[in-house]
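A.B. asks: with the input below, show me the fold.
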Amino acid sequence: MKENITEQVMYDLQNREDRETISGVIDETYARKNPQISPLDPKLVEEYPDAKLHKYYSFVKSGFRILGFALIPFYLPVAVVVLIGAEVIGILEELV
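C.D. replies: All right, here's what the predicted structure looks like:
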């Protein structure tokens, strides 16, 4: 039994074109094998996050964190507000 699982895993790893998509996104291989299904069908394609906007939010969040930690020894209340702001930006970052 263990050998069958190992063989199946190795087969899946080595044969990329035969893999089925798990996330529900129609990839090129699936579209080639099933030409009746359009890969641009909105029912079948997930919305991908905007990578550039996500990166922008991440850099801004990092800047807020650096500033917040730098302010701790000098002015703790402002540092706390800045660090809370960084966490709010982190939440917004994940929603992009």
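
A.B. asks: the bottom helix or strand of the chain by mean pLDDT?
C.D. replies: Of all helical and strand segments in the chain, the minimum by mean pLDDT, DSSP states H and E falls on helix 28-33, at a mean of 60.

A.B. asks: need the next SSE after that helix, C-terminal direction.
C.D. replies: Toward the C-terminus, helix 28-33 is succeeded by helix 51-71 as the next helix or strand (DSSP states H and E).

A.B. asks: so after that following helix, what's the next helix or strand?
C.D. replies: Toward the C-terminus, helix 51-71 is succeeded by helix 76-95 as the next helix or strand (DSSP H and E).

A.B. asks: ok, and what's touching that next one?
C.D. replies: Identification of contacts with helix 76-95 by Cβ atoms under 8 Å, 6 or more residues apart in numbering yields 54, 57-58, 60-61, 64-65, 67-72. Every C-beta, even on glycine, is put in place using the N, C-alpha and C of the backbone.
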